[in-house]
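# generate coordinates for the sequence data below:
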Amino acid sequence: MSSIILAIGASIFKTFSTLSEKQVLVRTEPAAFTASASLVIAFVSLPLLYFVDYSHIGNYALAMTALCAAFSTVSAFSSAYVLKHLDISESATLFALSPIVITFLAVVFLGEQLATIQFVGIGISCIGIFILEGHRHSAKQEAHITPLGSNPSHIEIPLKHSTKSVLYVALLVSLICFSSSAVLDRYIVHHLGVDPLLFLIIVQFFILLCFLIIDIFSRRGGAVESFDAQILKKRSFWAHIFFVVIHRIFHMFAVQGMGAGLLHAIKQSSVVFTTILGGKLFVEKHMVRRTIACVCVVLGVLLAII
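Numbers count the residues shown, from 1 in each chain. Down below sits the predicted model:
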């Protein structure tokens, strides 16, 4: 019962962390946001070292944690890029497909078999994606992102075909990397017996190291610096930091006491809330169609992973 409560808590905080992330990304570049967030979260997590158990950490566990951090870094950047350029009611539904990707990874790497009900679930999710993406009014994307607390502006901005292709590639990369890191989370905590809080801290510092390496090479190439001190002045940024840290703590303790499939099934409720609340807060259009699509995808995911 406690694990279920933790999973529900993780779902709630995941919703608010996504909404606050979208608010920051309205006027911030994805690279600067993800790098700055990783820096702050790493140091905010330091006090948790007082409560951790160091007895089950070794070189192999550290290597797996570093690999997990690499996947998480790529996933964080690509998902931020998608979240910035797509309506949150659309991107949240697309990101809900991650458990299905996890299911396919389990089939490929763990030799698991797909049951009939899982094929049905995947089919229903595909129908949801068709509803979401298959009926557009024109080749233009209706982009009218409105920051919280400001007046809505309905400005039509065309989305080039090349840009749209890049978004879907970034989405696919994010789904694969996020799913890979989720499988490694479960493996490191459940099978290797690493303390959840210790894993959370170490993986965050590995993520920070990845962004530091990216920042060094980007400066050499004459690109814009990854870390942006101006982000630290945004209240929505600190709200995101709070929600994401609490979400990760709830998630790590929940994954210790239940199967990954059940945990991800419970957390799918956050997708519906994110779609509906995000659509209202950012004044997005086509909410009826997007909500129906979201429900189809979540229902399909539940059938596929339970």
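# quick one: mean pLDDT over stretch 295-306.
Average pLDDT, stretch 295-306: 76.
# got the CA positions of that stretch in CSV?
Output of stretch 295-306 as CSV, limited to C-alpha atoms (Å, rounded to 0.1, in the frame of the first residue of the first chain):
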residue,chain,number,x,y,z
VAL,A,295,-7.2,8.8,-23.1
CYS,A,296,-6.8,6.3,-26.0
VAL,A,297,-3.0,6.3,-25.6
VAL,A,298,-3.1,6.0,-21.8
LEU,A,299,-5.7,3.1,-22.0
GLY,A,300,-3.5,1.4,-24.6
VAL,A,301,-0.4,1.8,-22.4
LEU,A,302,-2.2,0.4,-19.4
LEU,A,303,-3.2,-2.7,-21.3
ALA,A,304,0.3,-3.1,-22.7
ILE,A,305,2.1,-2.9,-19.4
ILE,A,306,-0.2,-4.4,-16.7
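# report how many residues lie close to residue 242.
Residue 242: 15 surrounding residues under other C-beta atoms under 10 Å. The C-beta positions use only the backbone N, C-alpha and C, and glycine is treated the same way.
# swap in the one 5 residues further on?
As a burial measure, residue 247 scores 22 neighbours (other C-beta under 10 Å).
# just checking, it touches residue 13?
Yes - at 3.8 Å, residue 247 and residue 13 qualify as touching, with contact defined as C-beta atoms under 8 Å.
# just name the shakiest helix or strand of the protein by mean pLDDT.
Every helix and strand of the chain was ranked by mean pLDDT, DSSP states H and E. The lowest is helix 260-267, at a mean of 66.
# give me the neighbour count for residue 120.
Using other C-beta under 10 Å, residue 120 is surrounded by 13 other residues.
# might you list the low-confidence residue ranges for the stretch 101-250 of the chain?
106, 109-112, 132-163, 220-227 (pLDDT under 70).
# need the CA coordinates for the next helix or strand after the least confident helix or strand of the chain. PDB is fine.
The first helix or strand that comes after helix 260-267 along the chain, using DSSP states H and E, is helix 269-281. This file holds the C-alpha atoms of helix 269-281, laid out as PDB (Å, rounded to 0.1, in the frame of the first residue of the first chain):
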ATOM      1  CA  SER A 269      -2.500   9.300 -14.700                       C
ATOM      2  CA  SER A 270      -0.200  12.300 -14.800                       C
ATOM      3  CA  VAL A 271      -0.400  12.400 -18.600                       C
ATOM      4  CA  VAL A 272      -4.200  13.000 -18.600                       C
ATOM      5  CA  PHE A 273      -3.800  15.800 -15.900                       C
ATOM      6  CA  THR A 274      -0.900  17.400 -17.800                       C
ATOM      7  CA  THR A 275      -2.900  17.400 -21.100                       C
ATOM      8  CA  ILE A 276      -6.000  18.900 -19.600                       C
ATOM      9  CA  LEU A 277      -4.400  21.400 -17.200                       C
ATOM     10  CA  GLY A 278      -1.600  22.300 -19.600                       C
ATOM     11  CA  GLY A 279      -4.100  23.000 -22.400                       C
ATOM     12  CA  LYS A 280      -6.100  25.300 -20.100                       C
ATOM     13  CA  LEU A 281      -3.200  27.100 -18.600                       C
END
